[in-house]
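Undergrad: No sequence on hand, only this structure:
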């Protein structure tokens with residue numbers, strides 16, 4: 001799976017995905033708690049990027065907390081949905097493997113369920129990009145399905161897609177972030193909420209050295 005497949009798949013479902021997921025944080029108290037912790041602890045001299053932002057539910061939550069925020073997504077359709085949801089929000093088309101951001105531009109990165117589409121050999125590059133765009137002391141908060149399973153989707157919302165969903169081992173993500181120049185600060189695990197896929201979720205908070 002390459003970035004073109006990811007882009008085209010999310011473009012294909014962007015409108016229906018946005019309708020179904022824009023309010024999903026309302027039923028996820030631990031997601032909100034971790035994002036609030038990020039907002040409270042992030043350095044105050046720069047924005048937080050919601051990387052793989054989709055329709056910007058995370059970016060809007062952070063914006064409502066008063067955190068300067070921008071969004072990045074590889075799918076132009078998702079970027080359009082995000083801009084429609086929150087007019088005036090800075091949302092950019094771009095890949096987490098080559099972020100459209102300057103060195104040290106950010107105070108924080110939120111990567112909620114965006115690492116899950118990367119192949120194992122691509123993940124170190126993503127972690128290195130997080131380190132590049134974060135200033136020293138900046139924070140990254142990553143959320144993902146925990147485990148080793150790979151799930152394949154050829155149809156989503158009754159539309160054809162080509163997506164692999166990788167569950168990740170939290171210790172592997174932590175090791176990758178440390179290798180990229182981060183220090184781990186917190187790890188949280190939870191089970192699925194009602195209506196979610198039956199997987200455990202992991203949240204890792206790390207600080208740029």
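TA: Right, received. Where do you want to start? All of these numbers come straight from a predicted model, not from anything done at the bench.

Undergrad: tell me which element residue 164 falls in.
TA: Under the criterion of DSSP states H and E, residue 164 resides in strand 159-166.

Undergrad: got the buried residues for that strand?
TA: Buried residues in strand 159-166, counted by 16 or more other Cβ atoms under 10 Å: 161-163, 165-166. Glycine gets a C-beta too; all of them are placed from N, C-alpha and C.

Undergrad: What is the end-to-end distance of stretch 98-114?
TA: 14 Å (Cα to Cα, to the nearest Å).

Undergrad: actually stretch 37-56, not the one I typed
TA: This stretch, stretch 37-56, spans 18 Å end to end (Cα to Cα).

Undergrad: What of stretch 154-169?
TA: 24 Å.

Undergrad: Can you tell me what sits against it?
TA: 1, 5-6, 8-9, 12-13, 16-17, 20, 115-120, 144-153, 199, 202 (Cβ atoms under 8 Å, 6 or more residues apart in numbering).

Undergrad: What subset of those residues is buried?
TA: Judged by 16+ other Cβ under 10 Å, buried ones among these: 6, 8-9, 12-13, 17, 115-118, 144-146, 199, 202.

Undergrad: I'd like the list of those residues that fall within helices, please.
TA: Counting by DSSP state H, those place 6, 8-9, 12-13, 17 in helices.
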